[in-house]
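>>> Quick check, what structure comes out for this input:
(3 chains)
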Amino acid sequence: MRYAMTMDIKKCVGCSDCVVACQTENNVPIGFCRDWIVENVDGTYPNLELEIRSERCNHCDDTPCVRTCPTGASHVIEGGIVKVTPIECIGCGACIQACPYDARYFHPDGYVDKCTFCDHRVTKGQDTACVSVCPTKSLAFGDLDDPNSPVSILLRERKWKVNAPEAGTKPQVYFLT
Amino acid sequence: MSIKKTSRRDFIKISAAGTAGLALANPVLNWVPGFLPKHEKPLDESKAKRFPTFCEVCFWKCAGFTYLNNEGKIQKIIGNEDDPHSNGRFCPRGTGGVGMYYDNDRLKKPLMRVFEDGENKFKEVSWEVALDFIADKMKVIAKDHGPESMALLYHASSGSYFKHLLKAYGSKNIAKPSYAQCLGPREAGFVATYGAGISSPEPTDVKNTKCLVLIGNHVGENMHNGYVQEVSEAIDRGASIITVDPRFSTIASKSKFWLPIKPATDLALLLSWIHVLIYDDLYDKKYVEQYAFGFDELKAHVKNFTPEWAYTKTDINPEDIRDSAYEMAKAAPAAIVHPGRHTTWYGDDTQRTRAIAILNALLGSYGKKGGWYFAEKKKVPQYPAPAYPHPQWTWKEITRPTYKSAGTGLANDLIKASLPSNQSEHKIKGWLVVGTNLLSTIPDKNQTLAAIKNLELMVVVDTMPMEITGYADIILPECTYLERYDDIRSSQHRYPNIALRMPAAEPRWDTKPGWWMAKELASRLKLGKYFRWENVEEELDWKFKQMGTSLEEMKKIGVKIFDKEKDLYLDEGEEHFFNTDTGKIELYSLDLEAKGYDPMPKYTEHAQPDENFYRLIYGRAPMHTFGRTSNNPNLVDLMEENKVWVNPKVAKIWGLEPDQEVWLENQDGVISTFSIKVRVTERIRHDSVYIIHGFGKSNKLLTNCYGKGIDDSELITRIKIDPIMGGTGMRENFVTFLLENPHKKEVKS
Amino acid sequence: MKEELFISGRDIPFIDPVLNVWHWQIPLYLFVGGLAAGLIFFASYFYLKGKEKEYPMAIKIAPLLAPIVIVLGLIALILDLRHPAYFWQLYTTIRLDSPMSWGAWTLGAIMPLSILWPLSYIQDIKNYFGDWTFKMPYKLLVWFIKMIDRYWIIKWVYELSIKFRKPIAITNLILAIILGVYTGILLSAFNARPLWNTSILGPLFLVSGLSTGAATIMWMAKDHHEKIAFSKIDLLLIAVEIFFIVHMFMGFLASSEVQQEAAALFLGGEFTAVFWGFFVTIGLVFPAILEIMELNGFKIPISIPAFFILFGGALFRFIMVDAGQITRFLY
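Here you go, the predicted structure:
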């Protein structure tokens, strides 16, 4: 099993529902977030291009964050989900330095927090909070090992890219272009 | 006791009553050795308690469920999958609606204006005292001026019960700012053409369309949930989108055609599209012949409005105008020229919407799949009550002599009728303001303030200390939508549907639901016979049972869909009677002609900015609903301030850097209270600036948003009134940049 | 015009607009780690070469500083943690992939050995402090030596430390190199920070650490011959260090875009002045010139170049930690 997410750049309007849905689902304190929206504008008026992306932890296949963790608080669970065990985390910040996506942050309670791919939901067959709420259905989630999962189908049918592939982490959040 | 003296209605700061709970985590404690990190378990949705509701963050009113966490506190709100407004997916504001409940800046107790120690103050009073005071004053007003002198200005669900109260009291002077300040022109334009308004949600069949035309409509930035969802589906299906906007809006970036129009020239483009459709023989001849009236007049009317002519007005290449017209025609009848929602722009807005309505008729899309469907709505029965008394006069006497096609009361006209300068016999003496911050929603703040000073009673019902509350005689703190029942949501859609809102938590502090306030006031005004139910559950249950369900069932399902009685679309060649004078779609409007207006839309030139001035364009961000959400902690976290969008060329002239603080001054010398950060971006035309509406709050009690960004409405002082329906056109204001703080000299240390 | 912005989310403390996770603690930790490595390295190396007589300061006295600065480093490391109470979690597991774990264990291992070494020379150290006008350390040592006689366990350890000087020296030599290299690898292991992501950082930090160690010995040494010897060693190390630095930038410029951007911070960017002006010029070249002048017979107080080398070594680590956090792959 290999969980992955796709994010359709063609449809996303940057409404930020994924951000707030994650916050209310996962008790993320106000002022922090596990996912976020990036906007890129290129060109000169009126020849312009706009790209909006909803980004989060890429739950990479190759996890520098887990490697650099000195205590084992950062770890990978079934399906390739990268998680942090709060009571094992000493807050050294090494995993934050190790993440090319800056997807981790210090929770005010002293441990490192991050996107969990809503493992408490997806293991029950639900979508992640962000996917389930996305009004434009730009986000999709599923198992890459299942050829009929929404992500497998989308990755077959559409062109895609990943963020910072040169960082070499084999990210598992795919952007459909 | 002289009320007058104590009710000069200067703004009073509500003294910080009760300490707001300091919910901040203590960072020091976290460093203490041995302090265990909190480790909240995620919520198990299947086991969690949930209560149906519909959202109050915007007018779309999506239905969903409020979920409680393991400690029994509100955790999240999730859409109801049966609800056609949300299809189970709330927008960011709806999801962040929990912040409305948890906002510690909320109004907490009834407050009364008193004159003590030589100054106006707000004093905490009991509900008894507050309601007695209001009822007494209302009795005096009814006696002195007649009940018609009380007006209700509202924009909240609980307005429903206050409406009932005011009608029982004897007044029909009821208005929502959403008409004359927002969607009024499109309603009037469509009434004049099709004999029916559009209403909400718009019955545009976006999910089946092949071509969607947007005139300044920034769907996606306006987060009208179901509409945005359908647009996304249309994108998925490869439908082409044509966006007309001087700004490279989000939807413009997803469009096949983006026509970067010179602001205020939309009508020229629309007329030339009509020209191309007719003279290039692209229109739906069969449809027009069967359903439309006045085609020949229209054809003659648009003869000279060629794309080449339009180019001179709009800056849009004639080929693009022609190509986009062909694109629509290719898709017709599955093509929608969307009417937009906020349409009060330049004062000729009804006529602009008329042109939009005409285009749809030429494309044959009204009543067709992928065009416009026939929406249906379930009628909600009234709980048995005596007939309302017949008022001597209503808003119609105030408004209709001038604005003959006004469809509802105009908030700004009722405000005008409250001014001391009003010499007519129709004077407004008291306001009930429910859930609308008139100082931001109605342009010309000074006029509103002058009207307020002339009132004998002003009651404000709100959940938040919005600016308007500072001028009230009495402030009634309403509990939020997550803590109350409200009237049934019955909305038009493909299928008629209803939704229930019920409380998920006890009201925080000493706040009360609107229905309770209205009922309590009624009993004090000896109008108890209009509220013959013990509590709102009894009333709702009765209504639900009349509709074939019950409160008990609705508590479980939240939303109920009913069968349709009419068809969604017209069959090929099916006869259809339109509710106009001719029974047809009036390309040539006999109604407007009879009222003395142009029967067909004409292009008029509008002012363009002088040198060093830029047109002030305002709009929306998907994570806020104007001022209503600007203090919501969850949504402030997503976006805490607005920025002024400036084209890089303009920024270069002025030497503006990204995030530099500037003040804006408009053509009438009005300067923004606060400064605003600059966003240097190619996404805006060189002759315009863009800001998002709803920021720059000046009440310090709104601690999350006070002084963040600026309020566009204070810079909107030149109003272009629509002569047909009285809409307040607000897009003809121009601003310039002030790089130094203009308020500095006034500040005393 | 290109524009990139966060519409919502992010703008998180310590993450945006640039990473600011590590403050003064980590560079201090890296500096003292390097310094301790240098001190221990020279003591062990010259002991094994049988130079006890020629370099008494390096072998017998200066290593006393090592456990002191290592403790300082550990305190800094703990202060850096957001959850200091869970510090012990570091020692519940060995994670070879994690430089942070590696470092914690290396420090844990070198710590007792770095105490054993000066313990074996406690008499010499006592005599050294006997010359001081400030008598406190001397009195303390006299008291401590009495304790050795009084408690058999201390005496046993003391005797062991003398008896096993040679194996301790060999172990220390290896651990010192690991520690010195580690201070660089801690940073270079982070692929995500383009500035740190170069294998030259390990040797560079080792050489820099050795250089600060040599400078300290040179500063403390009383014997002219020893001073000159360490001055020469230091000069050689500085030369190697400059070579590594030039090499590092050449590597960056020939590498990926993000690394070119990282190098640009130092080649015209915001760190240009502090790096080339303060670190390279004042912290390396200037003391090197002073040392050359001294070797050629000019009378220059040795404390001046020594101080600037220590200053430069510390500054270098502060700059690298600070600048490295600014460099990222995205945004």
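
>>> Count residues in the vicinity of residue 29, would you?
By default, I'm working from chain A. With neighbours defined by other Cβ atoms under 10 Å in any protein chain shown, the count for A:Pro29 comes to 16. Bear in mind the C-beta positions are built from the backbone N, C-alpha and C, glycine included.

>>> Switch to chain C, please.
Counted with other Cβ under 10 Å, residues neighbouring C:Tyr29 total 27.

>>> Kindly report the same for A:Val19.
29.

>>> In the chain, spot the helix with the most residues.
No chain was given, so I picked chain A. helix A:17-26 (DSSP state H).

>>> sorry, should have said chain C
Per DSSP H, chain C has its longest helix at helix C:224-253.

>>> And for chain B?
helix B:127-145.

>>> Please enumerate the strands of chain C.
C:3-8 (DSSP state E).

>>> contacts for the longest helix of chain B?
B:3, B:110, B:112, B:125, B:147, B:149-150, B:169-170, B:427, B:429-430, B:456-457, B:459, B:473-474, B:476, B:510, B:512, B:517, B:520-521, B:524-525 (Cβ atoms under 8 Å, 6 or more residues apart in numbering or on different chains).

>>> any bit of the longest helix of chain C sitting next to chain A?
No: in terms of Cβ under 8 Å from any Cβ of the partner chain, no part of helix C:224-253 sits within range of chain A; the closest distance is 14.7 Å.

>>> Likewise for stretch B:266-278?
No: Stretch B:266-278 is not in contact with chain A by Cβ under 8 Å from any Cβ; minimum separation 15.0 Å.

>>> roughly how far is that stretch from the heart of the chain?
29 Å (Cα atoms, centre = their mean, to the nearest Å).

>>> Which residues belonging to that stretch are considered buried?
B:266-278 (16 or more other Cβ atoms under 10 Å in any protein chain shown).

>>> same check, this time on stretch B:419-430
Buried residues in stretch B:419-430, counting neighbours by 16+ other Cβ under 10 Å, are found at B:Leu419, B:His426, B:Lys427, B:Ile428, B:Lys429, B:Gly430.

>>> now swap in stretch C:45-59 and tell me
C:Tyr45, C:Phe46, C:Tyr47, C:Lys51, C:Glu52, C:Tyr55, C:Pro56, C:Met57, C:Ala58, C:Ile59.

>>> If we only consider the residues you listed, which is nearest to chain A?
Nearest to chain A among the buried residues of stretch C:45-59, counting by Cβ to the nearest Cβ, is C:Tyr45 at 29.7 Å.

>>> Which residue comes closest to the closest one once chain neighbours are left out?
Distances taken as Cβ to Cβ, 6 or more residues apart in numbering or on different chains place C:Leu173 nearest to C:Tyr45, at 6.0 Å, with adjacent residues excluded.

>>> Burial check on the one you found, number of neighbours?
By other Cβ under 10 Å, neighbour count at C:Leu173 equals 18.

>>> mind listing what it touches?
C:Ile40, C:Phe41, C:Ser44, C:Tyr45, C:Leu48.

>>> Next: B:Val380.
B:Val380 touches B:Asp487, B:Ile488, B:Ser490, B:Ile498, B:Lys543, B:Met547, counting by Cβ under 8 Å, 6+ apart.

>>> do you know how far it is from chain A?
27 Å (Cβ to the nearest Cβ, to the nearest Å).

>>> Tell me the pLDDT of residue 15.
Chain wasn't specified; assuming chain A. Predicted confidence (pLDDT) for A:Cys15: 97.

>>> You answered for a different chain; I wanted chain C.
89.

>>> again with B:Ser158
For B:Ser158, the pLDDT comes out at 89.

>>> Equivalent analysis for B:Lys38, please.
53.

>>> What of C:Phe329?
Looking at C:Phe329, the pLDDT reads 89.

>>> Surely it and A:Ala103 touch.
No: at 11.5 Å, C:Phe329 and A:Ala103 do not qualify as touching, with contact defined as Cβ atoms under 8 Å.

>>> Surely B:Gly64 is in a strand?
Yes: counting by DSSP: H, G, I helix; E, B strand; the rest coil, B:Gly64 is found in a strand.

>>> Do I have it right that it meets B:Gly558?
Yes: contact status for B:Gly64 versus B:Gly558: in contact at 7.4 Å, counting by Cβ under 8 Å.

>>> Give me the common contacts of the two.
In contact with both B:Gly64 and B:Gly558: B:Pro52, B:Thr53, B:Asn80, B:Asp83, using Cβ under 8 Å, 6+ apart.

>>> ok, back up a step: C:Phe329 and A:Ala103: who's more crowded?
Between C:Phe329 and A:Ala103, counted using other Cβ under 10 Å, A:Ala103 has the larger neighbour count: 25 against 22.

>>> ok, the more buried one - contacts?
For A:Ala103, the contact set (Cβ under 8 Å, 6+ apart) comprises A:Arg34, A:Glu55, A:Arg56, A:Cys57, A:Asn58, A:Lys114, A:Cys115.

>>> And B:Thr604, by the same measure?
By Cβ under 8 Å, 6+ apart, the neighbours of B:Thr604 are B:Leu267, B:Asp348.

>>> Make sure it is indeed in a strand.
No: per three-state DSSP, B:Thr604 lies outside any strand segment and is coil.

>>> Might you name the residue of the stretch 501-650 of chain B sitting closest to chain C?
For the stretch 501-650 of chain B, Cβ to the nearest Cβ, closest residue to chain C: B:Leu638, 4.1 Å.

>>> ok, so what distance separates that residue from B:Lys330?
Distance, B:Leu638 to B:Lys330, by Cβ to Cβ, to the nearest Å: 39 Å.

>>> who's more crowded, those two?
A count of neighbours by other Cβ under 10 Å puts B:Leu638 above the other of B:Leu638 and B:Lys330, at 28 against 13.

>>> pLDDT value on that one, please?
B:Leu638 carries a pLDDT value of 95.

>>> mind listing what it touches?
Counted by Cβ under 8 Å, 6+ apart, B:Leu638 has contacts A:Ser16, A:Val19, A:Val20, B:Pro92, B:Gly96, B:Met623, C:Ser8, C:Gly9.

>>> now do 6 Å
A:Ser16, B:Met623, C:Ser8 (Cβ atoms under 6 Å, 6 or more residues apart in numbering or on different chains).

>>> count of neighbours near the first one?
By the criterion of other Cβ under 10 Å, A:Ser16 has 29 neighbours.

>>> unless I'm mixing things up, it is touching C:Ser8, no?
Yes: the criterion here is Cβ atoms under 6 Å, and A:Ser16 meets it with C:Ser8 at 4.0 Å.

>>> Between the two, which contacts overlap?
By Cβ under 6 Å, 6+ apart, the residues touching both A:Ser16 and C:Ser8 are A:Ile37, B:Leu638.

>>> pLDDT value on the residue nearest to C:Tyr45, please?
pLDDT, C:Leu173: 95.

>>> any idea how far chain B is from it?
For C:Leu173, the distance to chain B - Cβ to the nearest Cβ - is 36 Å.

>>> I'd like the distance between that residue and C:Ser44.
4 Å.

>>> Please name the nearest non-neighbouring residue to residue 81.
No chain specified, so I'll use chain A. Using Cβ to Cβ, 6+ apart and skipping the chain neighbours, the partner closest in space to A:Ile81 is A:Phe117 (4.7 Å).

>>> You answered for a different chain; I wanted chain B.
B:Glu81 sits nearest to B:Gly88 (Cβ to Cβ, 6+ apart), 3.5 Å away.

>>> Spell out which parts of chain B neighbour chain A.
By Cβ under 6 Å from any Cβ of the partner chain, the residues of chain B that approach chain A are B:25, B:30, B:37-40, B:42, B:76, B:89, B:91-92, B:95-96, B:98, B:220, B:223, B:225, B:228-229, B:232, B:235, B:248, B:250, B:253, B:260, B:622-623, B:633-634, B:637-638, B:682.
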